[in-house]
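Peer 1: Everything below, folded, please.
(one chain, ligands or ions: 1)
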Amino acid sequence: MSITELDKAYVAGTYKRFPVELTSGKGSLVFDSDGKRYIDLGSGIGVTAFGIADDIWKDAVTRQLGTLQHTSNLYYTEPCARLAEMLCQRTGMSKVFFSNSGAEANECAIKIARKYSQDRKGPDCSTIVTLKNSFHGRTLTTLAATGQDAFHRLFQPLTPGFVSVTPEHIDELYALAEATPIAGVMIECVQGEGGVVPLSREYVEALAAFTSERDIPLIVDEVQTGNGRTGALYAYMNYGITPDIVSTAKGLGGGLPLGATMMAEPFAGVLGYGDHGSTFGGNPVSSAGALSILGRMDQAFLDEVKAKGDYIFERLTGAKGVESVTGMGLMIGIKPTKPAAEIISRGIEKGILCLSAKEKVRLLPALNIPMGLLTEAIEILAGILSE
Ligand SMILES: *Cc1c(COP(=O)(O)O)cnc(C)c1O
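Peer 2: Now for the predicted structure:
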């Protein structure tokens, strides 16, 4: 059997894969089993932040792999401690809990918010408010947090205690708070799976002011937007707010599974011994990889991410076949006049790999994609959009 046939026979049918078998890559180039070259504008859904087999990342990971690959969380290890320190120093947060994925990072955030609020305001204070059109993960609790009914069907009952409100309508939250004790509010600054939709500054500021006044923990889900993706280290930094809890994953490990939940004071002290855990969380190899990724994201690097994003916006806004371009930094949604799926399939024929989000073509290239490859890919995309 071919790899495609084997996969179809034995891997659970949850993914509608493109008819491409990827075999290798370097940086922002990937190659398939026929040796065809593609420019990667998706980076494994925003995961390979420095592209495929980046030398510095690979050295950090392989050095750690040959030293100590796993210990369990019964012992101290250097990469995990140093990564937590780096995350706290770069964000001003106080403590980090490590896990392996975005959904897990959000589960931890939700547990912190509930414990904090129930401890102060009583056991009835359990409702977590999220936004309609959000995406927070696939576990039963993060599905409940995800404000899109399409994901919920036939998986009932989901974890109770989640209500979603309409983004940009702050009065909905005010009204809800009159009737319901709220244990936490969770947002994505740019809704990724929801179609690359940035929240407005006014709305995010109003949310931050309201939650702070009422002593309600504000959780920002930076699973997709974090780790340099939007041209700031974390997207909330573009909004001038200070969240109480920040979850992240995707790009953090540079391609290895790693989730992190960061806590500001006083939330850093909420979880005590035995309150939470993860066998693989803070794994030394993933953590060593993350240190090599975050350590290179200085201001000059982030400015370049922003400049590359600006270039894509300028090139495609108002271009033929483009209804709109939305997003921030190198997280971009393009609404084509034709169906997004057609554009993406044509892209594969012509040697570019793009993602979708709702009705949009979504681009999440590696943050260090060379300008030459980026312009080559965007010209190909512009050509396809205008066909
Ligand atoms: C991808 C994503 C998740 C889920 O992450 P997993 O690693 O797949 O569990 C959660 N929130 C947001 C905003 C995401 O984009």
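Peer 1: how about the nearest residue to the residue nearest the centre of the chain, chain neighbours excluded?
Peer 2: Taking CA atoms, centre = their mean, the centroid of the chain lies closest to Gln224, which sits 1.4 Å from it. Of all residues not flanking Gln224 in the chain, Gly192 sits nearest, at 3.9 Å (CB to CB, 6 or more residues apart in numbering). For the C-beta atoms, the positions are set from N, CA and C on the backbone; glycine is no exception.
Peer 1: is it true that the residue nearest to the centre of the chain lies in a strand?
Peer 2: No: applying DSSP: H, G, I helix; E, B strand; the rest coil, one finds Gln224 to be coil, outside a strand.
Peer 1: which phi and psi does Gln64 have?
Peer 2: phi -70, psi -40 (degrees, to the nearest 10).
Peer 1: For it, give me the pLDDT.
Peer 2: pLDDT for Gln64: 98.
Peer 1: residue contacts, the closest residue to it other than its chain neighbours?
Peer 2: Distances taken as CB to CB, 6+ apart place Ala288 nearest to Gln64, at 3.7 Å, with adjacent residues excluded. Ala288 makes contacts with 60-61, 63-64, 79, as judged by CB atoms under 8 Å, 6 or more residues apart in numbering.
Peer 1: go again using 6 Å as the cut-off
Peer 2: When contacts are counted by CB atoms under 6 Å, 6 or more residues apart in numbering, Ala288 touches 60-61, 64, 79.
Peer 1: Next one, pLDDT for it please.
Peer 2: Value listed for Ala288 in the pLDDT field: 98.
Peer 1: does it belong to a helix or a strand, and which?
Peer 2: Using DSSP states H and E, Ala288 sits in helix 284-294.
Peer 1: what do you get for Phe97?
Peer 2: strand 95-99.
Peer 1: Which elements pack onto that strand?
Peer 2: When contacts are defined as 3 or more CB pairs under 6 Å, 6 or more residues apart in numbering; DSSP states H and E, strand 95-99 packs onto strand 259-263.
Peer 1: Residues touching the strand it packs on, excluding its own?
Peer 2: 87, 91, 93, 95-101, 104-105, 108-109, 245-249.
Peer 1: I'd like to know how many residues surround Lys36.
Peer 2: Neighbour count for Lys36, taken as other CB atoms under 10 Å: 13.
Peer 1: Quick check, pLDDT for the residue nearest to it when sequence neighbours are not counted.
Peer 2: Spatial nearest neighbour of Lys36, chain neighbours left out: Gly351 (7.0 Å); criterion: CB to CB, 6+ apart. Confidence at Gly351, expressed as pLDDT, is 98.
Peer 1: before we move on, back to that, next SSE downstream of the helix holding Ala288?
Peer 2: helix 299-316.
Peer 1: I'd like the next helix or strand past that next one.
Peer 2: strand 322-328.
Peer 1: Whichever residue of the stretch 101-250 of the chain sits closest to the ligand: how many residues sit nearby?
Peer 2: Closest residue of the stretch 101-250 of the chain to the ligand, CB to the nearest ligand atom: Gly102 (2.3 Å). Per other CB under 10 Å, the neighbour tally for Gly102 reads 26.
Peer 1: so what's it up against?
Peer 2: 137, 223, 249.
Peer 1: So it versus Ala145, what's the distance?
Peer 2: Distance of Gly102 to Ala145, given as CB to CB, to the nearest Å: 11 Å.
Peer 1: what's the helix or strand for Tyr38?
Peer 2: strand 37-40.
Peer 1: Actually, Thr142.
Peer 2: Thr142 belongs to helix 140-145, assigned by DSSP H and E.
Peer 1: cool, and Lys335?
Peer 2: With DSSP H and E as criterion, Lys335 is part of strand 331-336.
Peer 1: can I get the CA coordinates of that strand in PDB?
Peer 2: Written as PDB, here are the backbone C-alpha positions of strand 331-336 (Å, rounded to 0.1, in the frame of the first residue of the first chain):
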ATOM      1  CA  MET A 331      -1.400  35.900  11.100                       C
ATOM      2  CA  ILE A 332      -3.500  36.800   8.100                       C
ATOM      3  CA  GLY A 333      -6.900  36.000   6.700                       C
ATOM      4  CA  ILE A 334      -7.700  36.700   3.100                       C
ATOM      5  CA  LYS A 335     -11.400  36.600   2.000                       C
ATOM      6  CA  PRO A 336     -11.400  35.500  -1.700                       C
END
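Peer 1: what lines up beside it in the sheet?
Peer 2: Partners of strand 331-336 in the sheet, by DSSP bridges, are strand 322-328 (antiparallel), strand 360-363 (antiparallel).
Peer 1: Is the first one positioned near the ligand?
Peer 2: No: applying CB under 6 Å from any ligand atom, one finds strand 322-328 out of contact with the ligand, separated by at least 13.2 Å.
Peer 1: now that strand: how far from the chain's centre is it?
Peer 2: 19 Å (CA atoms, centre = their mean, to the nearest Å).
Peer 1: Stretch 239-257 now?
Peer 2: The answer for stretch 239-257 is 7 Å, by CA atoms, centre = their mean.
Peer 1: do it and the ligand meet?
Peer 2: Yes: Stretch 239-257 reaches the ligand (CB under 6 Å from any ligand atom) through 249-250.
Peer 1: what's in contact with that stretch?
Peer 2: With CB under 6 Å, 6+ apart, stretch 239-257 has contacts from 46-50, 57, 100-102, 105-106, 109, 112, 201, 204, 208, 217-224, 226-227, 236, 258-264, 267, 286, 289-290, 293.
Peer 1: Toward the C-terminus from the lengthiest helix in the chain, list the very next helix or strand.
Peer 2: Determined from DSSP state H, the single longest helix within the chain is helix 102-121. Going down the chain from helix 102-121, the next helix or strand is strand 127-131, by DSSP H and E.
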